[in-house]
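Chemist: turn this into a model:
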Amino acid sequence: MENSQVKENRSWGVSLLSSPSFFPRTDKGSTEFPEWVERHIRSYAGHYGVVIWDNRAEKVSAFSAGECLALLERLINTTDWKESGVSLTKQVHQISLPTERKTKRRGKSSEVIQAEEKEEKPSSVLVDKEVLRLPPEAGEKLISLFEENKKLLIQDAKMEEKMRSDALRRVYDLLFDLVRKNEVQKADFLNRKFPWTEVNNKSHRWLCQRERTRAVVYLNPPLYWCACIENQKKDWKSRHDFKNLEEAVEWVEAELTVLDQMPVDEEKPVNEEPREVIQQRIREKMARSPYMMIKSVDLEPASNTYKVVIDIETKAIGSQTCENPFGEIVEYDKKYTTPVKLANQLQLDPDQYEITFPFGEDTAWCRFCSLVTFFQNTLAISQAQSLWSQSLIVQQFKARHVVRARYGYKENETGYTVYLGGCFNPENPWGKNETRQEYLEELALRLSIFNTLEIGLLREYLGLQEDSISDEKLLVIMHEARAESRFVSSEERKASQIWLIEQNKK
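Modeler: Residues are numbered from 1 along each chain as shown. Reported below is the predicted structural model:
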């Protein structure tokens, strides 16, 4: 706020407070303020609002921007100051202390005694106390000054409120921190039922690590203690409302005791049987069922056409991170290079390819499939090799911008893909090429299972646990496949299409 002054040195004066360098004086002989004001003026450095002094009473006081706006409103809406003068007040706490006197209680009822004791307790009330009184003519000049600088006063009032809030928050943080430090000093983690250690030397966070379970107690600043428990790498229980550390630790240990008494869930490996055994068992079930078993020969097209395929797995170019309750950094919301930008970086013309994401949008793996169709696989092989050699994929792999890549060609009619080569690290290889007959037999079995709409059969075939995907979602996927299948009757296709439409309405 620019320094602006209205001076009335005969009886009173007022000056707007500016930035932290309050009233910079270059001329020591300046008479802007009375000599007695000069002794107090520097104590208001950094304040917002105004400084007002009364020469007659030799009193000076600073008023905040908020107090100036309140005074402006009072001067505009009242007229009593025009006769009695302008009363400048500040809100103060008026404390009443009990008097030291002996109270005779003989013969008094308990209600009267309690009322007298209540009256004698210290009390505090907020009252307006007059600190300055200016002559009536000061009112108009204050109104003029405040109106002229109203926008600046409003801005300063907002700043004052923010400063008060920040100061109050710091006070509460300090008080809570003192309370929490006292709790921590009294806590004895060495002699408890379960082992506790401090997490990564973080203050106010302790971990109880066991073979199959782990738990953590930490402070959610500044109010409550929180506790989280994991059982066999899955969330078990958590609470975020403990008022003291001891209560949180005791709750955790009680829950861990309950877990110790529960039977341990044995972790069953997914698809522990060889794939060939699972497929043979499902074929036998299909043979005994009323459903049609599709054969590999049924998938053979009248003629084959081919397209070039290039698979690229890239490194994330950005992500968000957060710290979980156990003090571990978790990465999420990964971002990857857009397909067009990636194509340009790899020197692949994006207009020559259909670019898809096999695992969903904005994921690491994208597939480039040529828009050109070849009628001979030898031409597709030659083109695939040429595109790979002319690209910058190997250079980007060497620079670690590409995690792994491969190239080849696929049959448009069956989807069978032959990979000719690629680049990858030994610890993260691509899968091996399967023979065309193996692929067609697998595809025929998969299509047969989808056409049955038997959820249990699909789970067994894919090795899916119930907690990985719901029955409802699997049923939708199976209906979608059957609605487009050429190996079911037109009535069955229509029934699946109608079912899907009804599901979308829900």
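Chemist: low-confidence stretches in the stretch 101-250 of the chain?
Modeler: Scanning the stretch 101-250 of the chain for pLDDT under 70 picks out 101-123, 200-203, 221-222.
Chemist: now the helices for it?
Modeler: 110-120, 137-148, 150-186, 245-261 (DSSP state H, counting those that start in this stretch).
Chemist: ok, and what's touching the second one?
Modeler: Contacts to helix 137-148, defined as Cβ atoms under 8 Å, 6 or more residues apart in numbering, come from residues 4, 6, 8, 12, 14, 16, 50, 68-69, 71-72, 75-76, 81-82, 85-86, 134, 153. Placement of C-beta: from N, CA and C, glycine included.
Chemist: hmm, 7 Å instead?
Modeler: Identification of contacts with helix 137-148 by Cβ atoms under 7 Å, 6 or more residues apart in numbering yields V6, W12, V14, C68, L71, L72, L75, I76, W81, K82, V86, L153.
Chemist: please convert the buried members of those into PyMOL selection syntax.
Modeler: PyMOL command restricting these to the buried ones, with burial defined by 16 or more other Cβ atoms under 10 Å:
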select buried, resi 6+12+14+68+71+72+75+81+86+153
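Chemist: what two of the contacts of helix 137-148 are the furthest from one another?
Modeler: For these, the farthest-apart pair by Cβ to Cβ is K82 and L153; their separation is 22.8 Å.
Chemist: count of neighbours near A70?
Modeler: 14 (other Cβ atoms under 10 Å).
Chemist: what would the helices of the stretch 101-250 of the chain look like in JSON lines with distance to Q352?
Modeler: Shown next, in JSON lines, are those (distance: least, Cβ to Cβ, whole Å):
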{"stretch": "helix 110-120", "distance to Q352": "89"}
{"stretch": "helix 137-148", "distance to Q352": "70"}
{"stretch": "helix 150-186", "distance to Q352": "58"}
{"stretch": "helix 245-261", "distance to Q352": "58"}
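Chemist: wait, which of these is closest to F194?
Modeler: In terms of Cβ to Cβ, the element of the helices of the stretch 101-250 of the chain nearest to F194 is helix 245-261, at 5.5 Å.
Chemist: state the mean pLDDT of the helix or strand just after that closest one.
Modeler: Using DSSP states H and E, the helix or strand that directly follows helix 245-261 along the chain is helix 275-288. Averaged over helix 275-288, pLDDT sits at 85.
Chemist: distance-wise, check the closest residue to E434 other than its chain neighbours relative to E460.
Modeler: Among residues not flanking E434 along the chain, E442 sits closest, at 7.7 Å (Cβ to Cβ, 6 or more residues apart in numbering). Distance, E442 to E460, using Cβ to Cβ, to the nearest Å: 15 Å.
Chemist: and what of L387?
Modeler: 40 Å.
Chemist: which of those two has more neighbours?
Modeler: Between L387 and E460, counted using other Cβ under 10 Å, L387 has the larger neighbour count: 21 against 16.
Chemist: a helix runs through the more buried one, doesn't it?
Modeler: Yes: checked against DSSP: H, G, I helix; E, B strand; the rest coil, L387 lies within a helix.
Chemist: now do the strands in the stretch 251-400 of the chain.
Modeler: In the stretch 251-400 of the chain, the strands defined using DSSP state E, counting those that start in this stretch lie at 306-314, 318-323, 329-335, 353-356, 365-370.
Chemist: tell me the spacing between the closest residue to F326 other than its chain neighbours and E161.
Modeler: Nearest residue to F326 in three dimensions, chain neighbours excluded: V216, at 5.0 Å (Cβ to Cβ, 6+ apart). Going from V216 to E161 by Cβ to Cβ gives 38 Å.
Chemist: looking at these two now, which is surrounded by more residues?
Modeler: Counted by other Cβ under 10 Å, V216 and E161 do not tie: V216 has more neighbours, with 23 against 13.
Chemist: ok, L447 to R400 distance?
Modeler: 40 Å.
Chemist: higher neighbour count, these two?
Modeler: Using other Cβ under 10 Å, the more surrounded residue of L447 and R400 is L447, with 20 against 9.
Chemist: the more buried one against E484, yeah?
Modeler: No: counting by Cβ atoms under 7 Å, L447 sits too far from E484 to count as a contact (10.3 Å).
Chemist: got a list of contacts for stretch 280-295?
Modeler: So stretch 280-295 is in contact with A444, L445, L447, S448, I449, N451, T452, L457, E460, Y461, F487, going by Cβ under 7 Å, 6+ apart.
Chemist: centre of the chain to that stretch, how far?
Modeler: Taking Cα atoms, centre = their mean, to the nearest Å, one finds the center of stretch 280-295 at 49 Å from the center of the full chain.
Chemist: can I get it as CSV, trimmed to CA atoms?
Modeler: What follows is stretch 280-295 as a C-alpha-only set of coordinates in CSV (Å, rounded to 0.1, in the frame of the first residue of the first chain):
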residue,chain,number,x,y,z
GLN,A,280,-7.4,-81.7,-22.3
ARG,A,281,-9.8,-81.8,-19.3
ILE,A,282,-11.9,-79.0,-20.8
ARG,A,283,-12.1,-80.8,-24.2
GLU,A,284,-13.4,-83.8,-22.4
LYS,A,285,-16.0,-81.8,-20.6
MET,A,286,-17.0,-80.1,-23.9
ALA,A,287,-17.3,-83.5,-25.6
ARG,A,288,-19.9,-84.6,-22.9
SER,A,289,-21.8,-81.4,-23.0
PRO,A,290,-24.6,-80.4,-25.5
TYR,A,291,-22.5,-77.6,-26.8
MET,A,292,-20.9,-77.6,-30.2
MET,A,293,-17.1,-78.1,-30.2
ILE,A,294,-15.4,-76.0,-32.8
LYS,A,295,-12.5,-77.7,-34.6
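Chemist: for it, which positions count as buried?
Modeler: Buried residues in stretch 280-295, defined by neighbour count with 16+ other Cβ under 10 Å: I282, K285, M286, Y291, M293, I294.
Chemist: state the distance from the second one to L371.
Modeler: What that stands for is K285. With distances taken as Cβ to Cβ, K285 is found 41 Å from L371.
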